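>>> Sequence first, then the predicted structure:
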Amino acid sequence: MVQFFRSDNLQIAYIDQGEGEPILLIHGFASNHRVNWMDTLWVRDLLAAGRRVIALDNRGHGQSDKPHDPAAYGTPAMAADACRLLDHLGIERADVMGYSMGARITAFLALDHPERVRRAVLAGLGAGLLIGVGAPQPIADALLAPSIDDVTTPQGRMFRMFAEQTRSDREALAACILASRQVMTEDELRAIRVPVLVAVGTTDDVAGPPEPIADLIPDSRIFHIQGRDHMKAVGDRTAKKAVMEFLSEA
């Protein structure tokens, strides 16, 4: 199922399944295409809806190459990987959905390559795209700590535990977190011209509220994922229904 292509001298892993209107899925930090999109049944449900589903492992994640130099990361570079995957597959334009870090990548893709994005779903990321999501250094320190027992901050423990669950390269993730949390300015958000759905859990204390970015993106709307935090929002049934309805619009 997993295939590979070259982007910026890195080998990037991806899946490509089904037929119909294409949708590109971009996973979150410390995750991969399987955990973010297959285990949550997103791939199954999108295929059942008649979509062609493409999902990549971002650089530093999953089965893709994992450089340990922070200079290899950065949201625009990761958005370029996604764009090159569309080039590789001969897809001129696709719907794009990202979760958390993947939503940040999706936003930069929509800004830098609007002709490639039909509709964009920014899930698990709200005000953090505008004002930032905490300090990356403590998370990098948590990832590189000798043991999770040495990690004392709640957010650091959350990401360290998740990285261990996904059997990730923690040194690559530390490099990624230090370089990939670029924010957008208000003017950049106003410049996004594709239709956007911002979907954030009501108890998500990582993403930030959706209103500060949705109020700036001209053609956008909000879906509040009731009672879901950052880790549980991604597979929520109500969010899936809202996304499916958004994607089905002309």
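That came through, no problem.

>>> Next, the buried residues of the longest helix anywhere in the chain.
Secondary structure assigned by DSSP state H gives helix 75-89 as the longest helix of the chain. If you call a residue buried by 16 or more other Cβ atoms under 10 Å, then helix 75-89 has these buried ones: 75, 77-86, 88-89. All C-beta atoms are positioned from the backbone trio N, CA, C, and that covers glycine.

>>> Relative to residue 154, which of those is nearest.
Ranked by distance to residue 154 (Cβ to Cβ), these are led by residue 75 at 24.7 Å.

>>> returning to what we had before: send the alpha carbons of the longest helix of the chain over as PDB?
Extracted in PDB, the C-alpha atoms of helix 75-89 (Å, rounded to 0.1, in the frame of the first residue of the first chain):
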ATOM      1  CA  THR A  75       6.200  24.700   7.400                       C
ATOM      2  CA  PRO A  76       6.700  26.100   3.900                       C
ATOM      3  CA  ALA A  77       9.100  23.200   3.100                       C
ATOM      4  CA  MET A  78       6.600  20.700   4.300                       C
ATOM      5  CA  ALA A  79       3.900  22.300   2.300                       C
ATOM      6  CA  ALA A  80       6.200  22.100  -0.700                       C
ATOM      7  CA  ASP A  81       6.400  18.300  -0.100                       C
ATOM      8  CA  ALA A  82       2.600  18.100  -0.300                       C
ATOM      9  CA  CYS A  83       2.600  20.100  -3.500                       C
ATOM     10  CA  ARG A  84       5.300  17.900  -5.100                       C
ATOM     11  CA  LEU A  85       3.200  14.900  -4.200                       C
ATOM     12  CA  LEU A  86       0.300  16.300  -6.200                       C
ATOM     13  CA  ASP A  87       2.800  16.900  -9.000                       C
ATOM     14  CA  HIS A  88       4.100  13.400  -8.700                       C
ATOM     15  CA  LEU A  89       0.600  12.000  -9.000                       C
END
